[in-house]
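Peer 1: have a look; sequence and predicted model below, questions after that.
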Amino acid sequence: MTEKRIKIVEKIMNANDQLATVNRQRIEAVKAYSINIMASPGAGKTSFIIATIQALLNDDVHMGVIEGDTAPVTIDSDKVSDAGVPVIQINTGGECHLDALMVNNALDQMDLEPLDLLMVENVGNLICPAAFQLGTHSNILIASVPEGDDKPYKYPNIYRGLEVLIINKIDLLPYLDFDMEYFQKGVEMLNPGLKTFPVSCKTGEGMEKWLEWLKAKIPQK
Amino acid sequence: MHELSVTESVLEIACKHAEKAQAKKVTDIFLEIGRLSSIIDDSVQFYWDIISKDTLCEDAKLHFKRVPAQLICTECSHEYTLEEELMPCPNCGSARIKVLSGDEFNLDSIEIQR
């Protein structure tokens, strides 16, 4: 019997990353823009998606939504469906995040051709979704102010991989001890110059700037 | 974190390379984990013992090598190692910093018998 050391140096997330590339190609093939929306539970992911849908429906943007949920409940999917947009629900079966394979399967079930914008709502969690690329064009985090101003310091990885940060529920700022300067300093250390939109899905404040940014990203067909 | 799916990936990569090398058995697996990749060794080991059963990797020992996170200040180019908590540049106080290393999450090598 001989013993041998074999050098490999393979990224453990390699299989996921490769499939994420395939997802991106599928989305680009139909000239759509795609976003991965991450947040802790209750930050307002679904409200933000609905507010975005309602604003863009008038502009004749064809949207689709992939809803990730750990439990087989259709609360979020029903809300999106009621807003008049096709939705595919992924039940992760208790898994704490979406991965590229789940999104790939969801793409199989969706009529991609007419899409201009695909929104993926990740599982509510600030840790695991950060490690799994889905293949979307941008990773977006919704941080809501009631969660506290220390989150960038506690969950650095999710902030590092972002293209856009949404600060939601800013209508509550007068009632909270949320130190915006401290929060943004943490963000700046992790992701210098990160595109940030403070909004309130409830009052609509700040949504216009976000929508303007998003519309500029959607390819003209 | 999602230690189970990570452990499954490790097993898949290790078995793929062991088969290619016509190994009878994998005895050791060397993982390289950056300080910024959150993973709990004990839980990977726990899942590993279960899922590696009846594979080429059964009873293989997992070795975790931790790689420290190295940061650089984009203002003054000072390089420093991340201690406990995220902090601005200790040299000039700037918050504009970039990560040089610490993101590693690799299967570095395996030791096999044949």
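Peer 2: Everything's here; your move. Residues are numbered from 1 along each chain as shown, chains lettered A, B, ... in the order given.
Peer 1: return the distance of stretch A:21-39 from the chain's centre.
Peer 2: Once both centres are worked out by CA atoms, centre = their mean, to the nearest Å, stretch A:21-39 turns out to sit 11 Å from its chain's centre.
Peer 1: low pLDDT regions in the chain?
Peer 2: I went with chain A, as the question did not name one. Counting by pLDDT under 70, chain A shows low-confidence ranges at A:1.
Peer 1: my question was about chain B
Peer 2: In chain B (pLDDT under 70), the answer is B:1.
Peer 1: for chain A, what are the nearby residues on it?
Peer 2: Residues of chain B lying close to chain A (CB under 8 Å from any CB of the partner chain) are B:1-2, B:5-6, B:9-10, B:12-14, B:17-18, B:21, B:23-24, B:27, B:31, B:36-38, B:74, B:85-88, B:95-99, B:105-114. Where you see a C-beta, it was placed from the backbone N, CA and C, and this is true even at glycine.
Peer 1: mind checking the longest helix of chain B?
Peer 2: Counting by DSSP state H, the longest helix found in chain B is helix B:3-20.
Peer 1: now residue 103. Nearest residue, chain neighbours left out?
Peer 2: Since you didn't name a chain, this refers to chain A. Distance criterion CB to CB, 6 or more residues apart in numbering or on different chains; nearest residue to A:Val103, sequence neighbours excluded, is A:Leu134 at 4.8 Å.
Peer 1: nope, chain B please
Peer 2: Looking at B:Asp103 with CB to CB, 6+ apart, the closest residue is B:Gly34, at 4.8 Å.
Peer 1: repeat for B:Pro88
Peer 2: Once flanking residues are discounted, B:Pro88 sits nearest to B:Ala95: 4.8 Å by CB to CB, 6+ apart.
Peer 1: in chain A, which spans are helices?
Peer 2: Using DSSP H, the helices of chain A run over A:14-29, A:45-57, A:75-82, A:100-109, A:151-154, A:156-160, A:180-190, A:207-217.
Peer 1: so which of the ones you listed gets nearest A:Cys201?
Peer 2: helix A:45-57 (4.2 Å; CB to CB).
Peer 1: what's near enough to touch A:Lys31?
Peer 2: A:Asp116, A:Pro219, A:Lys221 (CB atoms under 8 Å, 6 or more residues apart in numbering or on different chains).
Peer 1: which parts of chain B are helices?
Peer 2: Here chain B has its helices, by DSSP H, at B:3-20, B:41-51.
Peer 1: could you list the residues in contact with the first one?
Peer 2: The list of residues contacting helix B:3-20 from outside it, by CB under 8 Å, 6+ apart, reads A:6, A:8, A:10, A:12-16, A:95, A:99, B:26, B:29, B:31, B:39-40, B:43-44, B:46-48, B:51-52, B:55-57, B:60, B:62, B:107, B:110, B:112.
Peer 1: please check those residues and keep the buried ones.
Peer 2: A:8, A:10, A:12-13, A:15-16, A:95, A:99, B:26, B:29, B:31, B:39, B:44, B:47-48, B:51-52, B:56-57, B:60, B:62, B:107, B:110, B:112 (16 or more other CB atoms under 10 Å in any protein chain shown).
Peer 1: partners of the residue nearest the centre of chain A in the sheet?
Peer 2: What sits nearest the mean C-alpha location of chain A, by CA atoms, centre = their mean, is A:Ile37, with 1.3 Å. Note on A:Ile37: beta-bridge partners by DSSP bridges are A:Glu121, A:Ile140.
Peer 1: so how far is A:Val73 from it?
Peer 2: A:Ile37 sits 18 Å away from A:Val73, going by CB to CB, to the nearest Å.
Peer 1: contacting residues for residue 33?
Peer 2: You didn't say which chain, so I picked chain A. Counting by CB under 8 Å, 6+ apart, A:Tyr33 touches A:Ile27, A:Asp116, A:Leu117, A:Leu118, A:His137, A:Leu214, A:Lys217, A:Ile218, A:Pro219.
Peer 1: actually it's chain B I care about, not the one you picked
Peer 2: Contacts of B:Ile33 (CB under 8 Å, 6+ apart): B:Ile39, B:Phe64, B:Lys65, B:Arg66, B:Val67, B:Glu104, B:Phe105.
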